[in-house]
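Trainee: from the sequence below, what's the structure:
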Amino acid sequence: MIANVKVAIIGAGNMAEEHIKAFSDISEMNIVGIHSRTIEKSKKLALKYKIPNVFDSIIDMYNYTTADIVIIAVSELSTKEVCEKAFDFPWICLVEKPAGYDLNDAEAIALKARNELRQVFVGLNRRQYSSTINVINDLSKSNQTRLIHVYDQQNPRDALALGRPELVVKNWMYANSIHLIDYFKLLGRGKIISVIPIIKWQPYRPMFVLTKIIFSSGDIGIYEAVWNAPGPWSVSITTQAKRWELKPLEKAAFQVYGSRHLEEIQLSDWDINFKPGFRMQAEEMLKALQGIPHNLVNIDEALDTMRLVKKIYA
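Mentor: Residues are numbered from 1 along each chain as shown. This next block holds a predicted model:
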């Protein structure tokens, strides 16, 4: 086990603070510095969590700390610029989703990571939910065909009213729906061989989207989304013998063939005491640093999910 892992933080908003909580809980991790566009916010978090150094720039933070890991948790429209600066240095990067406010932005970020030969992961933390992990572990025991139904709901009107940038809201499927659409990449086996629109996306009148996704394994995905209308996020996976349900995503329950009863699985304490998925994600970053198997999403895998978003919302 590696001791005294040095972690740096870029960003000083709510997501940065959630990462600080999660990484600080690991005895081997030591938060050594923080930088953000607003230095007063950085100072406030540094004081609250006893972070020893506040920096005016990314280059100063790396040169002073030589941190092993950097967490990039900035606004969507700032992510590309910040990543391009951070990728100049050989720390392992965890970038909050979305790694790019749209597909072109994401492609540029991924290209920079490849050109600099950087190890970059994207914070699709639903993959680290204990609910998700329980489902994956159970599904791995069966070769039966899967029907994967993802139900998405988005409120871009509310996002605009809350002051989110218009460009981000225009690409809200990348900023928010990516969490739901990523479940197809996680749960469907084989390659995606077709994405078939049933109810097509209408960008000037967003309401319903319905898409069928076919995998080379025979698995089938159904993506159903409602925009500016009520509905809960949920995922269900049905095989002939068993059905799993994530509703809400943080909770898992299963139903076996012949029963009408849903049996819930207990959540991990990490998903209760921290923002769900974040504590496990921090643990997986420690594994990545040691070069041992982990379940993080690298920048190219995240880019594949962005491309699937693009196909669904063509």
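Trainee: gap between Ser75 and Glu96?
Mentor: In this structure, Ser75 and Glu96 are 10 Å apart, going by C-beta to C-beta, to the nearest Å. (Glycine included, C-beta is placed from N, CA and C.)
Trainee: tell me which stretches of the stretch 51-200 of the chain form helices.
Mentor: Assigned by DSSP state H, counting those that start in this stretch, the stretch 51-200 of the chain shows helices spanning 58-65, 79-86, 103-115, 130-139, 156-161, 166-170, 172, 178-187.
Trainee: could you say which of the ones you listed is packed most deeply?
Mentor: Of all those, helix 178-187 carries the top mean neighbour count, a mean of 22, counting by mean count of other C-beta atoms under 10 Å.
Trainee: which other helices and strands contact that helix?
Mentor: Judged by 3 or more C-beta pairs under 8 Å, 6 or more residues apart in numbering; DSSP states H and E, helix 178-187 is in contact with helix 130-139, strand 147-154, strand 220-227, strand 234-238, helix 299-312.
Trainee: ok, and what's touching that helix?
Mentor: 97-98, 124, 126-127, 132, 135-136, 139, 146, 148, 150-152, 173, 192, 213, 219, 221, 223, 225, 233, 235, 237, 249, 297, 301, 304-306, 308-309, 312 (C-beta atoms under 8 Å, 6 or more residues apart in numbering).
Trainee: mind giving me the PyMOL select for these, buried ones only?
Mentor: In PyMOL, the members of those classed as buried (16 or more other C-beta atoms under 10 Å) are selected with the following command:
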select buried, resi 97+98+124+126+127+132+135+139+146+148+150+151+152+173+192+213+219+221+223+225+233+235+237+249+297+301+305+306+308+309+312
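Trainee: returning to that earlier point: so which of the helices of the stretch 51-200 of the chain gets nearest Met207?
Mentor: helix 156-161 (11.4 Å; C-beta to C-beta).
Trainee: avg pLDDT for the closest one?
Mentor: For helix 156-161, the mean per-residue pLDDT is 94.
Trainee: so which of the helices and strands packed on helix 178-187 is nearest Phe89?
Mentor: Taking C-beta to C-beta, helix 299-312 is the member of the helices and strands packed on helix 178-187 nearest to Phe89, at 15.7 Å.
Trainee: and the closest one with helix 103-115, angle?
Mentor: Taking axes from the mean of the first three to the mean of the last three C-alpha atoms, to 10 degrees, one finds helix 299-312 and helix 103-115 inclined to each other by 160 degrees.
Trainee: hmm, back to that, more neighbours: Ser75 and Glu96, which one.
Mentor: Neighbours per residue (other C-beta atoms under 10 Å) separate Ser75 from Glu96, with Glu96 holding more: 23 against 16.
Trainee: okay if I get the helices of the stretch 51-200 of the chain as a markdown table plus distance to Val209?
Mentor: Formatted as a markdown table, the helices of the stretch 51-200 of the chain follow (distance: least, C-beta to C-beta, whole Å):
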| stretch | distance to Val209 |
| --- | --- |
| helix 58-65 | 38 |
| helix 79-86 | 25 |
| helix 103-115 | 17 |
| helix 130-139 | 23 |
| helix 156-161 | 13 |
| helix 166-170 | 16 |
| helix 172 | 12 |
| helix 178-187 | 11 |
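Trainee: out of the ones you listed, flag the one nearest His19.
Mentor: Among the helices of the stretch 51-200 of the chain, if distance is taken as C-beta to C-beta, the winner is helix 79-86, at 14.5 Å.
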